[in-house]
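> Build me a structure from this.
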Amino acid sequence: MNRYSNRLIELNLSGIGLWLGLLLVVAAAGSLGLGWLLNWIAALLLLVVLGPVVAVLGLIWWAKRKLVEAPCPVCGFGMTGFEGMDCNCLQCGEPLAVRDRQFQRRTPPGTVDVAVVEVSPGGTNQLSSGLGDRGS
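Numbers count the residues shown, from 1 in each chain. Model prediction:
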């Protein structure tokens with residue numbers, strides 16, 4: 001006789017036993033008037049599963065509203081920052097502030113930002129708008 005013949009009939013019920021036991025506990029609790037407890041457990045599990053999903057979706061929505069992608073007003077380097085945040089340009093080091101969905105130069109109090117007038121020997125004067133003007 002084959003010594004492995006009994007293995008042909010063997011079934012692995014280890015996973016089914018857990019679910020059958022859980023179903024038996026739920027049915028017994030429901031028949032004993034503990035349905036309110038089962039409702040609380042179900043609500044808690046739902047909160048544990050859906051809470052992080054809602055939090056991540058809320059964070060993505062907030063980031064899309066607050067994230068600004070714009071060039072540096074001094075050197076034109078593409079920057080990314082959050083609305084209302086102060087930072088420095090990564091290319092030229094200019095202190096910047098994010099306001100109105102664009103980067104603006106952050107000047108210390110008492111600094112007067114003026115336009116430069118170039119005087120040429122030919123007699124024509126040109127008005128330059130400052131460091132951010134690249135001939136446009």
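> Please, which helix or strand holds the residue minimising distance to the centre of the chain?
The chain has Ile60 as the residue nearest its centroid, 4.3 Å off, counting by Cα atoms, centre = their mean. If you go by DSSP states H and E, Ile60 is part of helix 35-66.
> Quick check: what element follows that helix along the chain?
strand 67-71.
> outside of that next one, which residues touch it?
Residues outside strand 67-71 that contact it (Cβ atoms under 8 Å, 6 or more residues apart in numbering) are 77-83, 98, 101-103. (Each C-beta comes from the backbone N, C-alpha and C, glycine too.)
> what about 6 Å?
78, 80-81, 83, 98, 101-103 (Cβ atoms under 6 Å, 6 or more residues apart in numbering).
> By mean pLDDT, point me to the weakest helix or strand of the protein.
strand 125-128 (a mean of 56; mean pLDDT, DSSP states H and E).
> tally of neighbours for Cys75?
16 (other Cβ atoms under 10 Å).
> got it, and the one 3 residues further on?
Using other Cβ under 10 Å, Gly78 has 10 other residues around it.
> Tell me what it is bridged to.
Counting by DSSP bridges, Gly78 is bridged to Pro71.
> Please tell me how far it sits from Gln102.
Distance, Gly78 to Gln102, using Cβ to Cβ, to the nearest Å: 12 Å.
> just Gly15 next, same as before
Distance from Gly15 to Gln102, by Cβ to Cβ: 58 Å.
> distance of Pro95 from Phe103?
Counting by Cβ to Cβ, the gap from Pro95 to Phe103 is 10 Å.
> Which one of these two is surrounded by more residues?
Counting neighbours by other Cβ under 10 Å for Pro95 and for Phe103 shows that Phe103 has the greater number, 25 against 13.
> Look up the closest residue to that one, ignoring the ones flanking it.
Leu96 (4.6 Å; Cβ to Cβ, 6 or more residues apart in numbering).
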